[in-house]
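Asker: Here is a sequence with its predicted model. Questions after.
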Number of protein chains: 2
Amino acid sequence: MALSDIRTGLRNEEAIATAVSAFRQVFGDRFQTGEAIRAQHAHTTTYIPAQLSDGVLFAQGKEDVTTAVRLCAEHRVPVIPFGTGSSLEGQVNAPHGGISIDFSRMNRVLEVNAEDLDCTVEPGITREELNAYLRDTGLFFPIDPGANASIGGMASTRASGTNAVRYGTMKDNVLAVTVVTARGEEIRTARRARKSSAGYDLTRLYVGSEGTLGVLTSVTLRLQGIPEMIAGGICGFPTLKDACNAVIMTIQLGIPVARIELLNALQIKACNAYSGLTLPEQPTLFVEFHGSEESVALQSRQFGEVASECGGGDFQWTSDADERARLWKARHNVYWAAKALRAGAAVLATDVCVPISRLADCVAETEADIEQHGLLAPIVGHAGDGNFHVSVVFDDQDPAEIEKVEAFVGRLNGRALSMDGTCTGEHGIGQGKQAFLPRELGEAVDVMRQIKRALDPDNILNPGKIFRLG
Amino acid sequence: MALSDIRTGLRNEEAIATAVSAFRQVFGDRFQTGEAIRAQHAHTTTYIPAQLSDGVLFAQGKEDVTTAVRLCAEHRVPVIPFGTGSSLEGQVNAPHGGISIDFSRMNRVLEVNAEDLDCTVEPGITREELNAYLRDTGLFFPIDPGANASIGGMASTRASGTNAVRYGTMKDNVLAVTVVTARGEEIRTARRARKSSAGYDLTRLYVGSEGTLGVLTSVTLRLQGIPEMIAGGICGFPTLKDACNAVIMTIQLGIPVARIELLNALQIKACNAYSGLTLPEQPTLFVEFHGSEESVALQSRQFGEVASECGGGDFQWTSDADERARLWKARHNVYWAAKALRAGAAVLATDVCVPISRLADCVAETEADIEQHGLLAPIVGHAGDGNFHVSVVFDDQDPAEIEKVEAFVGRLNGRALSMDGTCTGEHGIGQGKQAFLPRELGEAVDVMRQIKRALDPDNILNPGKIFRLG
């Protein structure tokens, strides 16, 4: 993880100064260059050191974005889109300087088509804002990466989260985007039909491109009907293998579970301490079912049978909203629960994803690795997808600990790749995972670079992310 | 639809002659240049006139494909991949001449990972061959475009079909591909993890690119467990609007219907005649449910309630395999049923897709258009996706009829676009729909062209399809 290579960006000082002055003139107070604001826009829930941009534009509409990209294109200065700063791999850093575009003021719902189960939003709206807006329509947007991220940011990193096992990831739930190209022209990638075979799938190309191919100005999303009933429960297992077998069997039987999360024993211990629970410290599945009353009861019963067959403890499910909320709040707080395991420590949250048949092996080997190297690192996984997170608790001021953590991340990714998995199921490559991308995809990364060069010949769109152009 | 413009391709005779001679030398009998074989490889279920390639390579493995693309690259001669020839928009034509690669001998299943619900196949395997192979594993590949198409062809046109409403399209069911680039290098776009955020989504870029960005050598697919029970039935409605309302309500309630197909009155009449049915000649929904015995019973009951609320007739469902097979065989034979409406006639099968709230309007206006212009054209739709097909029965030897049909297709596509729909839900652009792509996506087509130029600078990969490089 030679992150230091990636961090040293070249800056074109003269061009940047000219661009900053032009932005001041065009945007007035909407453009801010104070250090505190710039620092805030390079801050993320990550261990990667901040690299500040040279100014932050608080865009108020797509015209601002188009104007900003055109100015940056003219001066060949980087553009770095910023949603809420909840990305984990350095996606909002400005290694070559440039202009951050803050989307917090572009948070309008532009259109809801309730009959078609879709809506179009500006990229700055957060998923919680969107769901609050939608509540009266009986619809909701299901993707839940944990953080209250912006929809634009979620699209850019191809985010997913706890209920991707049922509803898919951002790639499955974005119908279309409008995007400003490196030339400063806005295009729309698709119409509102639920499927299309009309030309290249540009929607999916921009989803997950981390702002390196264009700057999003709107996102059209698929919505779901709010389930008539939501029920859930938890079930402990003697071993990781047993818990993973229950997951595999659940998926194979086609039980349409909405969430199925695996917490290892240390993660349960951390949650008990942080969220005041008293769960047995053993591998545990948190599950949730969505549907009609009858369907939820059926799913719960079927899952209970599977769990029992795999050696799981008694499975109790409840549709009581408070009880569910308490459990899932504990699940959502795993990051903070991990952090609280050691006073004053930092947390590196990293993710990998493997075919589910390898999940038990990958988690078990990772647990052994953690123990062997004396790390403190609970594990929580979106088990239905084979995706899991390790929250490494460490002292980010201690070079020896940093080195140890980076070596661990290297082994973790190597392990996932050796099992035909990916170095990131949902966080993206950003700056932090660049070393692993060619190990995962080999020459395919050259094809990505060819696309990047074709669509952004001057490399102004979030440069230094995903790969180096070399 | 100035198809004539697209049909006149320039041919580089000297390069082609050199390449043909090189192919003969390298591949011997696996390379065929007889006219009958070449004609067969330009033949499709389409009204678009055949344009023959200059020779057909029967590839036996990925090494053949790599060698073939390298030879074509060296001589700057087109490469046209050929699966089963069931594409509908001229995708296998050779407007600039060149070499067809026939994949029928590359039909092996390379790997089945039953626990992970995935498999990897060579592109030439057909979906029926694959499902026959998988039967013993308890798994199946759900995408069913009607024709017994090859998996490679289905990936290339982003195919879908009757049960996309539940299982998605090829974009949702291809996990990864290996593909030979224009330089003749094989790359792999993803590992086997069920999701990934590692770089650009090249899988989705190649899916639907109609062979214009690379030649597939393997496809890794998501599989599903064979449902414990399959049940289905049909339900007639007094009006199209009523039938479409039942579809919208079914989708909104989240009833996980596996197929929901709309046949208009003329289509029912054609099916009655062709398949010996005696259904009332009215708008009719064919539905199918997959799941456990309890779940199927529940879905059927819920759908029956919806249908009744929307004015539908008595909904009878059955899990009897013979009865289901008889009905769905009639559904699958709509093309032949349409053809049989007029002795010796040709059929133009075209598709559009609109947001489902506009489906009733779009179908009703299209019915009126058909009547007003004296056309014979039954309609069948994948109603849950807002996707429908018109099978125009006409005399393809009569220029006046051809002109009338082309004008109708123009109006049909204009209508879909005016309703924020797409000019093709599942057939692709090929040669036949090129005029509509810029009307649908405007400047986004330029981005597609930039990608094409970057990945295939000499334009050797299925040139003349999707768009002109002009």
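Answerer: Great, that's in hand.

Asker: Okay, and A:T217 sits in which element?
Answerer: A:T217 is part of strand A:215-222, with elements assigned from DSSP states H and E.

Asker: go on, A:N93?
Answerer: Short version, using DSSP H and E: A:N93 is in no helix or strand.

Asker: C-terminal to the helix ranked longest in chain A, what's the next element?
Answerer: Among the segments of chain A that qualify as a helix by DSSP state H, the longest is helix A:399-418. Proceeding C-terminally, helix A:399-418 gives way to helix A:437-441 as the next helix or strand, assigned by DSSP H and E.

Asker: got the CA positions of that next one in PDB?
Answerer: C-alpha atoms of helix A:437-441 as PDB (Å, rounded to 0.1, in the frame of the first residue of the first chain):
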ATOM      1  CA  LEU A 437      -7.100  -3.000  -8.800                       C
ATOM      2  CA  PRO A 438      -4.600  -4.300 -11.300                       C
ATOM      3  CA  ARG A 439      -4.100  -7.400  -9.100                       C
ATOM      4  CA  GLU A 440      -7.800  -7.900  -9.400                       C
ATOM      5  CA  LEU A 441      -8.500  -7.100 -13.000                       C
END
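
Asker: Can you tell me what sits against it?
Answerer: Contacts made with helix A:437-441 from outside it, assessed by Cβ atoms under 8 Å, 6 or more residues apart in numbering or on different chains, are listed as A:413-414, A:417, A:422-423, A:429, A:445, A:466-467, B:187-191, B:198-199. In short, each C-beta sits where N, CA and C put it, glycine included.

Asker: okay, the angle between the next helix or strand after that helix and helix B:444-455?
Answerer: From helix A:437-441 onward toward the C-terminus, using DSSP H and E, the following helix or strand is helix A:444-455. Going by axes from the mean of the first three to the mean of the last three Cα atoms, to 10 degrees, helix A:444-455 is angled at 130 degrees with respect to helix B:444-455.

Asker: Give the buried residues for helix A:444-455.
Answerer: For helix A:444-455, the buried set under the neighbour-count rule, 16 or more other Cβ atoms under 10 Å in any protein chain shown, comprises A:A444, A:V445, A:D446, A:V447, A:M448, A:R449, A:Q450, A:I451, A:K452, A:A454, A:L455.

Asker: The third one and chain B, how far apart?
Answerer: Noted for A:D446: a distance of 8 Å to chain B, by Cβ to the nearest Cβ, to the nearest Å.

Asker: residue contacts, that residue?
Answerer: In this structure, A:D446 makes contact with B:I187, judged by Cβ under 8 Å, 6+ apart.

Asker: Check what pLDDT it gets.
Answerer: Reported pLDDT at A:D446 in the predicted model: 97.

Asker: A:T45 too?
Answerer: pLDDT, A:T45: 67.

Asker: Give the rounded mean pLDDT of stretch A:301-319.
Answerer: Averaging pLDDT along stretch A:301-319 gives 91.

Asker: If we go by neighbour counts, what in that stretch is buried?
Answerer: Of the residues in stretch A:301-319, those scored as buried under the neighbour-count criterion (16+ other Cβ under 10 Å) are A:Q302, A:F303, A:G304, A:V306, A:A307, A:C310, A:G312, A:F315, A:W317, A:S319.

Asker: quick one: the helix or strand encompassing the fifth one near chain B?
Answerer: Spelled out, it's A:A307. Following DSSP H and E, the helix or strand that holds A:A307 is helix A:293-309. Yes: under the criterion of Cβ under 8 Å from any Cβ of the partner chain, chain B is reached by helix A:293-309 at A:E294, A:S295, A:L298, A:Q302.

Asker: Could you list the low-pLDDT ranges of chain A?
Answerer: Applying pLDDT under 70 to chain A flags the ranges A:1-9, A:44-46, A:470.

Asker: Domain boundaries for it, per the record?
Answerer: A:3-104, A:109-225, A:229-333, A:336-429 (automatic domain parsing).

Asker: Only alpha carbons, please: show the helix or strand in which A:Q25 is found as CSV.
Answerer: Mapping A:Q25 onto the secondary structure by DSSP H and E places it in helix A:13-27. Output for helix A:13-27, consisting of C-alpha atoms alone and laid out as CSV, is shown next (Å, rounded to 0.1, in the frame of the first residue of the first chain):
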residue,chain,number,x,y,z
GLU,A,13,0.1,26.6,-9.3
GLU,A,14,-0.3,29.3,-12.0
ALA,A,15,-3.4,27.7,-13.6
ILE,A,16,-4.9,27.1,-10.1
ALA,A,17,-4.4,30.8,-9.1
THR,A,18,-6.1,32.0,-12.4
ALA,A,19,-9.0,29.5,-11.9
VAL,A,20,-9.5,30.5,-8.3
SER,A,21,-9.6,34.2,-9.3
ALA,A,22,-12.1,33.4,-12.1
PHE,A,23,-14.3,31.4,-9.7
ARG,A,24,-14.4,34.3,-7.3
GLN,A,25,-15.5,36.6,-10.0
VAL,A,26,-18.2,34.4,-11.4
PHE,A,27,-19.6,32.9,-8.2
